[in-house]
Structures are given as C-alpha cells and as structure tokens.
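[1] coordinates for the following, if possible.
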Amino acid sequence: MATLPVNLYGDEILRRKAKHVESLDEKTRKFIDDMFETMRASEGVGLSANQVGSRDAIFVIDVSPLEGYEDEKPTVFINPKIVERSDETDYYEEGCLSLPGLRAEVERPTRITIEYLDEEFQPRKLTRDDFVARVVQHEYDHLRGVFFTDLLEDESRRRLKKSLNAIKRRKVDVHYEVTEPA
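    Residues are numbered from 1 along each chain as shown. This next block holds a predicted model:
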C-alpha cells in the first residue's frame, strides 16, 4: 500500500462529477487499498477518489478509531446513490482533508439510506444515522463536486473566502502530502 497526495480546494478534479465504475480490477483494488492508507495516514475518517486524483465513483470511510464507533467496519462505496434522507436535520462541525484547517457547522439530514457496490462489486444497501450518516453524505457530495462549504449560507462562505484562497495557493500547514497547485 502507498499513500497518495491529496488534492486541495481549487484543484479542478474536485469540482468534476465522478464517473461510474464499470468493473473491479486489480488496479482498482490497489487504488482502494491506497485510499484507506492515505485516509488513515492523514487522520481522516473518509476519503473520496477525486480527492486523490481519480474520477471513479468510489469513496471509503472508517470511523472505527473514534470512541463509540469501534464496531463500525471500514467500508468501500462504489457507484453510491443516496436513496433516502430524513427530514430531520442537525448541525455538526465538519472538516475536510481537501480543506486543511477549515471547519464549519454544516446542516445535514440525520439519517440516510445509500445503495452501492462493495469491495467485491456486490450490491449493498446501508442505512445509518447521526455521525456515520454525516460522513457518508460528506464523501458522497465530493463525488458530485460539492464541498461542505457549498452548503453554508452566503455570509458564512464570505467569511471563509480568505482561508479558501490560502488553501488554493497552498499557503496552509498540512501534515500529509498534497498535490502541487495547478
């Protein structure tokens, strides 16, 4: 396994919609392993393929290192589709490996159901709530070219503009490998 450089805000690939994965080959399996390695080395709990340079519709999550989530299994989501979202929402502070140092309170549905293919390319359906639902939605949004900052109200986004520009120019401290600016 290897760690991969993380794309940061401003990199074009992060705004492009992911491509449907047609089959699972050894190259893709290795890429998924590398995604987990990169996520863990970066101290993240989720990572989407476009964050590490691929347009494939894949993301991984592993919340098991967090207290209270030890029983959650690391999960691979291929060609995911959220099919149900609760009407109930809540706010929670989110961060992102592609937005180092930036955090904001984001409103999201508290419960979701998602259909996807697993690491064996088998169809799965998963319903989760609260924090796990939030992580899944965050990574799912990445595959659609959406950052959590896009979900903020205009005034909140305006306050982050200077920080976003600094990230785009790579003028931030990061403890993991990132791509060069385009």
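
[2] against the centre of this structure, work out the most remote residue.
    Within the chain, the residue lying farthest from the chain centre (Cα atoms, centre = their mean) is E155, at 24.1 Å.

[3] report whether it is found in a strand, as I expect.
    No - the assignment for E155 is helix, going by DSSP: H, G, I helix; E, B strand; the rest coil, so no strand is present there.

[4] centroid residue for this structure?
    Most central in the chain (Cα atoms, centre = their mean) works out to E139, at 2.9 Å.

[5] A49 is in contact with that one, correct?
    No - assessed by Cβ atoms under 8 Å, E139 is found out of contact with A49, at 9.6 Å. Yep, even glycine has a C-beta here, placed from its N, CA and C like the rest.

[6] what residues are shared contacts of the two?
    F59 (Cβ atoms under 8 Å, 6 or more residues apart in numbering).

[7] check which helices and strands the strand of greatest length in the chain is in contact with.
    In terms of residue count, the longest strand belonging to the chain (DSSP state E) is strand 75-85. Packed against strand 75-85 by the contact rule (3 or more Cβ pairs under 8 Å, 6 or more residues apart in numbering; DSSP states H and E) you find strand 58-61, strand 111-117, strand 123-129, helix 130-143.

[8] just name the most buried of these.
    strand 58-61 (a mean of 26; mean count of other Cβ atoms under 10 Å).

[9] ok, for the residue nearest to the centre of the chain, nearest residue in space, not its chain neighbours?
    F59 (3.8 Å; Cβ to Cβ, 6 or more residues apart in numbering).

[10] my guess is the one you found contacts I82, does it?
    No - the pair F59 and I82 does not pass the contact test of Cβ under 8 Å, sitting 12.0 Å apart.

[11] what sits in contact with each of those two?
    Each of Y140 lies in contact with both F59 and I82 under the rule Cβ under 8 Å, 6+ apart.

[12] state the helix or strand in which the nearest residue to G101 once chain neighbours are set aside lies.
    Spatial nearest neighbour of G101, chain neighbours left out: V172 (5.4 Å); criterion: Cβ to Cβ, 6+ apart. For V172, there is no enclosing helix or strand under DSSP states H and E.

[13] so V172 sits against N165, correct?
    No - V172 is beyond contact range of N165, at 10.4 Å (criterion: Cβ under 8 Å).
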